[in-house]
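# got a sequence here, can you model it:
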Amino acid sequence: MSYSKAALALALLAPWGLSQAIELNDDFALYLDAGVYSDYRTRGISQTQNDPALQGSATLSHSSGLYAGVWSSNVDFGLGSKTRQEIDYYAGYNWQISDDISLDTAYFQYEYPRQSALNYGEYFSQLTAYGAKLGAYYSDNLGGDQSYLYSYVGYETLLSAEVALDLRYGNVDLKDPLLLDGSGDTRDSYREWQLKLSKELFGLNWSASYVDTDLGDNECANYMGFDDVCSATLVLGANKSF
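Numbers count the residues shown, from 1 in each chain. Predicted coordinates for the structure are as follows:
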C-alpha cells in the first residue's frame, strides 16, 4: 500500500490529509481517493520497477473511530511474475485521545491476483502526538514462514504557503539474513527514509517525495532480482479525494 499501507487511513484524520468525505449519515462517512504516481515505493523499494502507478482507495469510517476499506495499485515484480495488481483490504480503529494525540491500530491483508503465493497479512499500530509518529508493522506469514518487523519514526507539519512536510525513517528487520552483498556477507535488516512535500492546488493534492534505502546494488539484486529498485529516487504524484 503507496509508501505505507496505512497512509490512507491515517490521512483521514490528519488536518492536512484527506479532508473531504461523503457523509452517509450522522455516523458513517465514505472517503474515496484516486491518484497517479511516477513510482510505487513501499519501504523504500519499487513495486513497479520504477514505472508509474495508478492507485485508488475507498474507506468507510464510523464516528466511533472504526474504519475499513480497500486500496489497489498496479505492480510489476518482473522475473516472470504473473500478477499485475495489488489489492489491500484493511480494518482498524483510530482512538482519538485528544486533538493532538491518537493511536491507530489495524490489520491489512495483501492480495495479488494470479499469484496467491505472494499474499500475506500485517498487523499495524501507530501513535501520533503533536505531529510526531511512532509506528510498526508486523507479519509472520511473508513468503511462507518468513516474518519481519518494520518500525519507523516520523513527523508531519504544515509549512508556509500550506505546504505539508512528512518525514519518515524506518527499519525493516527480517527473520532470516536474506540480504547478500557482493562480498558474500549477509544481514537481516535494512533502513529506509522519505522526505515528502505536498500541497493542494487546482483541486488536486500534488506531492514530491525523496525516497532512499541503505541497500547496496548487490543486496538489492539478490533480494529483489534487480539492482535499481532500492536506490534513491524522486516520486512525483497527484491525487484527488472525494
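# the longest helix in this protein is where?
Counting residues, the longest helix found in the chain (DSSP state H) is helix 217-224.
# let me see the mean pLDDT of that helix.
Averaged over helix 217-224, pLDDT sits at 97.
# neighbouring contacts of it?
By CB atoms under 8 Å, 6 or more residues apart in numbering, the residues outside helix 217-224 that reach it are 45, 178-182, 190, 213, 215, 226-231. Every C-beta, even on glycine, is put in place using the N, C-alpha and C of the backbone.
# can I get that helix in CSV, CA atoms only?
Extracted C-alpha coordinates of helix 217-224, given in CSV (Å, rounded to 0.1, in the frame of the first residue of the first chain):
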residue,chain,number,x,y,z
ASP,A,217,23.2,-2.7,-5.6
ASN,A,218,24.2,-6.3,-5.0
GLU,A,219,22.0,-6.6,-1.9
CYS,A,220,19.1,-5.2,-3.9
ALA,A,221,19.7,-7.5,-6.8
ASN,A,222,19.9,-10.6,-4.6
TYR,A,223,16.8,-9.6,-2.6
MET,A,224,14.5,-8.3,-5.3
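# in its sheet, what does the helix or strand following it sit against?
Per DSSP states H and E, the first helix or strand lying C-terminal to helix 217-224 is strand 233-241. On the basis of DSSP bridges, the sheet neighbours of strand 233-241 come out as strand 28-37 (antiparallel), strand 204-213 (antiparallel).
# any chance of CSV for those strands, columns mean pLDDT, distance to residue 135 and mean neighbour count?
Below are the strands paired with strand 233-241 laid out as CSV (pLDDT from 0 to 100; distance: least, CB to CB, whole Å; neighbours: other CB atoms under 10 Å):
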stretch, mean pLDDT, distance to residue 135, mean neighbour count
strand 28-37, 96, 20, 18
strand 204-213, 98, 17, 18
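# pipe those strands into TSV and attach distance to residue 167 per row.
Listed next are these as TSV, based on distance: least, CB to CB, whole Å:
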stretch	distance to residue 167
strand 28-37	19
strand 204-213	10
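# quick one: closest of the ones you listed to residue 125.
Between residue 125 and those, the tightest spacing by CB to CB is seen for strand 28-37, at 20.8 Å.
# where in this protein is pLDDT low?
1-19 (pLDDT under 70).
# so which residues of it form helices?
Using DSSP H, helices in the chain cover 7-11, 217-224.
# most remote residue from the chain's center?
residue 183 (31.7 Å; CA atoms, centre = their mean).
# distance check, that one against residue 138.
Plainly put, residue 183 is 31 Å away from residue 138 if you go by CB to CB, to the nearest Å.
# go on, residue 186?
For residue 186, the distance to residue 138 - CB to CB - is 22 Å.
# with residue 55 instead?
24 Å.
# these two: who's more crowded?
residue 55 (20 against 15; other CB atoms under 10 Å).
# how far away is that one from residue 73?
4 Å.
# for residue 39, phi and psi?
phi -160, psi 160 (degrees, to the nearest 10).
# doesn't residue 50 make contact with it?
Yes. Using CB atoms under 8 Å, residue 39 is in contact with residue 50, at 5.5 Å.
# common neighbours of these two, please.
residue 233.
# what's around residue 58, how many residues?
Neighbours around residue 58, by other CB under 10 Å: 17.
# could you measure from it over to residue 242?
Relative to residue 242, and taking CB to CB, residue 58 is found at 10 Å.
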